[in-house]
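Peer 1: here is a sequence together with a model predicted from it:
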Amino acid sequence: MKQRTIGTVSVSAIGLGGMPMSIEGRPDEQQSISTIHAALEAGVTLIDTADAYHLPGAADVGHNEELIAKAVRTYGGDVSHVIIATKGGHLRPQEGPWAQNGDPAYLKQAAKASAHRLGVDAIDLYQYHRPDPRVPYADSVGALAELLDEGVIRMAGISNANVDQIKEANEVLGGRLVSVQNQFSPRFRSSEPELALCAEMGIAFLPWSPLGGISSASDLGSIHDEFARVAQSHGVSPQVVALAWELAKAEIVIPIPGASRPASIRDSASAAELELTPEELRRLES
């Protein structure tokens, strides 16, 4: 697997998003563990999760973190180089819209709870999941700075952030912001300014839902004809082309496609080896 960088840490060019394995419609535990093991076997060394990846209600909080921790713990190979990134500040207290809690004291408590569920002394990468309009952004990100200083987390990132928030977060963190996780895919391209800023600042950009989201990822080729045509010429899936297109946009891009089946993550991981021509990239951009 080709490598890219988060902070000073080398990770696989394609990561694994854990969300589909813990929300509504999730598979049984053994299938999920087999999916995570398949990712590791394919060379994936970045796994993304969050304490909010669970079924609605407090009883299931942290399900995905515990699942990933178990899968990594039971894998037969070397996992010393595997980075688990998690997030806090987004909640699923009940059915319906998700909630936010950017209170600094809450974020610090949530990070420590995540570390416990992951079974680690320090979280590899902790990300503020989504801005809370009730709390000044600098205050929320300030909690990450304190977690860094206390050694609870090794690296800090933000998610669902705009250009101004990226700049503000990096300032609050004293230049220690290492990643931005925003939605980005052939279907959702409005994070282009944030991607460009990350490239300029040398900050990793982690597209979530890089294939268009759980409900439409399988239809990527029928929704986006040009991706299907390029895929046919290479003998790969349109999903692989989409991930290769994202990788080609900048060296700081590290897509984290979600998966709940071994075959899905194996297919996604192969995108790291697909080289698209300048003409193909021009067609895909249009």
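Peer 2: Right, received. Where do you want to start?

Peer 1: need the strands for the chain, in chain order.
Peer 2: Along the chain, the stretches classed as strands by DSSP state E are 3-6, 9-12, 16-17, 46-48, 83-88, 90-91, 99-100, 125-128, 156-159, 177-181, 204-205.

Peer 1: possible to save those strands as JSON lines with distance to residue 254 and mean neighbour count?
Peer 2: No exception for glycine: its C-beta is placed from N, CA and C like everyone else's. As requested, the strands of the chain are arranged in JSON lines below (distance: least, CB to CB, whole Å; neighbours: other CB atoms under 10 Å):
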{"stretch": "strand 3-6", "distance to residue 254": "5", "mean neighbour count": "18"}
{"stretch": "strand 9-12", "distance to residue 254": "7", "mean neighbour count": "20"}
{"stretch": "strand 16-17", "distance to residue 254": "11", "mean neighbour count": "28"}
{"stretch": "strand 46-48", "distance to residue 254": "7", "mean neighbour count": "27"}
{"stretch": "strand 83-88", "distance to residue 254": "10", "mean neighbour count": "26"}
{"stretch": "strand 90-91", "distance to residue 254": "20", "mean neighbour count": "21"}
{"stretch": "strand 99-100", "distance to residue 254": "25", "mean neighbour count": "17"}
{"stretch": "strand 125-128", "distance to residue 254": "11", "mean neighbour count": "26"}
{"stretch": "strand 156-159", "distance to residue 254": "11", "mean neighbour count": "26"}
{"stretch": "strand 177-181", "distance to residue 254": "8", "mean neighbour count": "25"}
{"stretch": "strand 204-205", "distance to residue 254": "6", "mean neighbour count": "26"}
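
Peer 1: would you list those in CSV and tack on distance to residue 215 and mean pLDDT?
Peer 2: CSV is the format used below for the strands of the chain (distance: least, CB to CB, whole Å; pLDDT from 0 to 100):
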stretch, distance to residue 215, mean pLDDT
strand 3-6, 28, 98
strand 9-12, 26, 98
strand 16-17, 15, 98
strand 46-48, 19, 98
strand 83-88, 21, 98
strand 90-91, 19, 96
strand 99-100, 22, 96
strand 125-128, 24, 98
strand 156-159, 20, 98
strand 177-181, 20, 98
strand 204-205, 23, 98
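
Peer 1: of all the ones you listed, which lies closest to residue 170?
Peer 2: strand 177-181 (4.1 Å; CB to CB).

Peer 1: which other residues reach stretch 127-147?
Peer 2: Stretch 127-147 is contacted from outside by 50, 52, 85-90, 98, 100-105, 107-108, 111, 126, 153, 156-161, 165, 168-169, 172-174, 176, 179, 181, using CB atoms under 8 Å, 6 or more residues apart in numbering.

Peer 1: residues of it that come out buried?
Peer 2: Neighbour-count burial for stretch 127-147 flags 127-132, 135, 137, 140-145, 147 (criterion: 16 or more other CB atoms under 10 Å).

Peer 1: mind picking the two most distant members of the residues you listed?
Peer 2: Checked with CB to CB, those reach their widest spread between 130 and 145, with 18.3 Å between them.

Peer 1: just to revisit the earlier point, just the buried residues of stretch 127-147 now: which is nearest residue 63?
Peer 2: Residue 63 has its nearest neighbour among the buried residues of stretch 127-147 in residue 129, at 15.5 Å by CB to CB.

Peer 1: for residue 254, what are its contacts?
Peer 2: Residue 254 makes contacts with 4, 6, 11, 12, 13, 14, 15, 46, 204, 205, 206, 207, as judged by CB under 8 Å, 6+ apart.

Peer 1: what backbone torsions are found at it?
Peer 2: Dihedral pair for residue 254: phi -130, psi 90, per degrees, to the nearest 10.

Peer 1: and the gap between it and residue 113?
Peer 2: Residue 254 sits 26 Å away from residue 113, going by CB to CB, to the nearest Å.

Peer 1: neighbours around residue 263, how many?
Peer 2: 10 (other CB atoms under 10 Å).
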